[in-house]
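K.L.:
can't give you the sequence, but here's the structure:
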């Protein structure tokens with residue numbers, strides 16, 4: 001497209017520039033909104049990084065056991081024992097008692113929210129193994145933990161009613177429910193599973209600690225150094241076998257063992273596996289700025305390819321304000337700026353006037369006047385050319401030329 005009038009060409013070019021700029025703004029706004037949405041979603045739904053570590057001790061998960069037969073007999077009792085993994089398998093009385101962590105009296109089943117779906121709650125009785133703190137504080141306030149001396153917890157349910165489990169002729173099948181909780185959870189909201197007894201049950205527990213994100217993780221993304229603990233959970237595997245034929249006491253209805261799922265027995269010190277879950281922001285603010293910077297660079301290249309580069313602005317805040325100096329002004333020459341006193345060979349008098357000056361002095365004065373006139377003319381030409389140069393640079397290449 002060709003134009004005969006420069007003003008018409010400039011008008012069309014300005015309109016094309018404005019339309020292109022509006023399109024670039026719309027594209028940048030749409031892309032920025034999409035990236036902001038990604039960042040918000042990344043914060044609301046973080047990804048999880050897994051890490052495992054071995055510790056010298058970990059808390060034992062708490063336990064709730066409920067059943068309608070647990071307190072039916074006057075001599076029914078619940079006992080707690082702790083021992084090493086390879087000890088007290090046949091005779092639990094040889095193990096160390098941990099009864100101080102058991103509730104001394106049965107608790108009404110209606111205390112537990114997830115028991116409300118059962119019938120005849122008034123006939124259900126529960127015992128709590130609170131491993132965070134002993135019920136009997138005369139034994140101290142230390143929690144019950146797996147450590148070098150304890151790798152197994154056994155809860156036994158006894159009754160004066162015999163289960164006849166030695167001969168394999170069990171009197172009547174009974175049922176109980178159990179549920180676990182961690183030190184960060186409320187035992188009243190324990191979730192239960194139903195188990196048939198008489199039986200020997202194994203609960204293998206793996207401790208899981210979950211850590212959430214904080215405000216700075218929106219920028220950095222987070223990692224495996226978070227300190228904000230979101231929750232503590234227990235990943236459990238449960239199995240149970242009929243107690244018949246094991247040759248245990250006929251009054252023993254249940255042996256419920258709690259064992260850490262994985263641990264390293266290093267003879268001197270036992271190490272227990274803990275799984276750590278760290279929330280991580282997948283799309284951070286730094287990634288947002290990088291995406292926007294790259295996208296705007298592409299748009300800028302497209303714009304420059306279409307319309308060329310604009311005037312540059314080589315002066316910033318430092319030059320404008322911090323290091324600003326008064327520009328040097330050249331000395332202006334004039335015919336009166338320099339006056340060379342002619343050499344007067346004779347005393348000057350008004351009567352003699354200029355005739356009293358020698359020919360040599362007259363020549364010097366004429367030459368000096370010519371030089372002054374040439375200087376003035378050159379200054380005018382240079383000043384005029386500088387003005388033209390500034391106008392040219394200010395129009396096509398540089399901004400704020402007149403200020404410097």
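P.N.:
Ah, there it is. Everything quoted here is computed from the prediction, not taken from an experiment.

K.L.:
check contacts around the spatially most central residue of the chain.
P.N.:
The centroid of the chain falls nearest to residue 217 when counting by Cα atoms, centre = their mean (1.7 Å). Neighbour list for residue 217: 226, 279, 280, 281, 284 [criterion: Cβ atoms under 8 Å, 6 or more residues apart in numbering]. Where you see a C-beta, it was placed from the backbone N, CA and C, and this is true even at glycine.

K.L.:
Need the three-state assignment for the second one.
P.N.:
This means residue 279. strand (DSSP: H, G, I helix; E, B strand; the rest coil).

K.L.:
Go ahead and confirm it touches residue 212.
P.N.:
Yes - in this structure residue 279 lies within contact range of residue 212 using Cβ atoms under 8 Å: 5.2 Å.

K.L.:
Quick check on those two: which one has the bigger neighbour count.
P.N.:
Per other Cβ atoms under 10 Å, whichever of residue 279 and residue 212 has more neighbours is residue 279, with 20 against 16.

K.L.:
Is the more buried one bridged to anything, and to what?
P.N.:
residue 48 (DSSP bridges).

K.L.:
Can you check the pLDDT for it?
P.N.:
The model reports residue 279 with a pLDDT of 88.

K.L.:
For it, give me its contacts.
P.N.:
46, 47, 48, 210, 211, 212, 213, 217, 222, 226, 230.

K.L.:
Mind splitting this protein into its structural domains?
P.N.:
1-46+282-310, 52-280, 314-404 (automatic domain parsing).

K.L.:
hang on, the earlier thing: selection in PyMOL covering whichever of the contacts of residue 279 are buried, please.
P.N.:
Buried subset of these, written as a PyMOL selection, criterion 16 or more other Cβ atoms under 10 Å:
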select buried, resi 46+210+211+212+213+217+222+226
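
K.L.:
Dump the contacts of residue 279 into CSV; add secondary structure as well.
P.N.:
Converted to CSV, those look like this (three-state DSSP):
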residue, secondary structure
46, coil
47, strand
48, strand
210, strand
211, strand
212, coil
213, coil
217, helix
222, coil
226, coil
230, strand
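
K.L.:
any idea which of the contacts of residue 279 is closest to residue 395?
P.N.:
Checking the contacts of residue 279 against residue 395 by Cβ to Cβ gives residue 217 as the nearest, at 50.4 Å.

K.L.:
what are the bridge partners for residue 260, then?
P.N.:
Here residue 260, judged by DSSP bridges, has bridge partners residue 205.

K.L.:
go on, the one 10 residues further on?
P.N.:
Each beta-bridge partner of residue 270 is listed here: residue 265, as defined by DSSP bridges.

K.L.:
Tally up the residues packed near residue 253, please.
P.N.:
Using other Cβ under 10 Å, residue 253 has 26 neighbouring residues.

K.L.:
distance between the helix or strand containing it and the chain's centre?
P.N.:
Using DSSP states H and E, residue 253 falls within strand 252-260. When distances are taken as Cα atoms, centre = their mean, to the nearest Å, strand 252-260 is centred 42 Å away from the chain's centroid.

K.L.:
Need the winner for burial among the domains of the chain.
P.N.:
Among the domains of the chain, domain 52-280 has the highest mean neighbour count (mean count of other Cβ atoms under 10 Å), at a mean of 17.

K.L.:
what's the straight distance from one end of that one to the other?
P.N.:
Using Cα to Cα, to the nearest Å, one end of domain 52-280 lies 16 Å from the other.

K.L.:
now it, how far from the chain's geometric center?
P.N.:
With Cα atoms, centre = their mean as the basis, domain 52-280 stands 35 Å off its chain's centre.

K.L.:
what's the answer for stretch 38-45, then?
P.N.:
The answer for stretch 38-45 is 11 Å, by Cα atoms, centre = their mean.

K.L.:
who touches it?
P.N.:
With contacts defined as Cβ under 8 Å, 6+ apart, stretch 38-45 is touched by 213, 218, 281, 282, 283, 284, 285, 287, 288.

K.L.:
Sketch out the helices for the protein, chain order is fine.
P.N.:
Taking DSSP state H as the test, the helices found in the chain are 6-44, 217-220, 285-307, 317, 359-396.

K.L.:
If you average pLDDT over each of the ones you listed, which is lowest?
P.N.:
Lowest mean pLDDT of these: helix 317, a mean of 73.

K.L.:
list the helices and strands that helix packs on?
P.N.:
Packed against helix 317 by the contact rule (3 or more Cβ pairs under 8 Å, 6 or more residues apart in numbering; DSSP states H and E) you find no helix or strand.

K.L.:
List of residues touching it?
P.N.:
Under Cβ under 8 Å, 6+ apart, the answer for helix 317 is an empty list.

K.L.:
could you redo the last one with a cut-off of 10 Å?
P.N.:
Residues outside helix 317 that contact it (Cβ atoms under 10 Å, 6 or more residues apart in numbering): residue 323.

K.L.:
hmm, which helix or strand of this structure has the shakiest average pLDDT?
P.N.:
Lowest mean confidence among the helices and strands of the chain (mean pLDDT, DSSP states H and E): strand 263-266, at a mean of 68.
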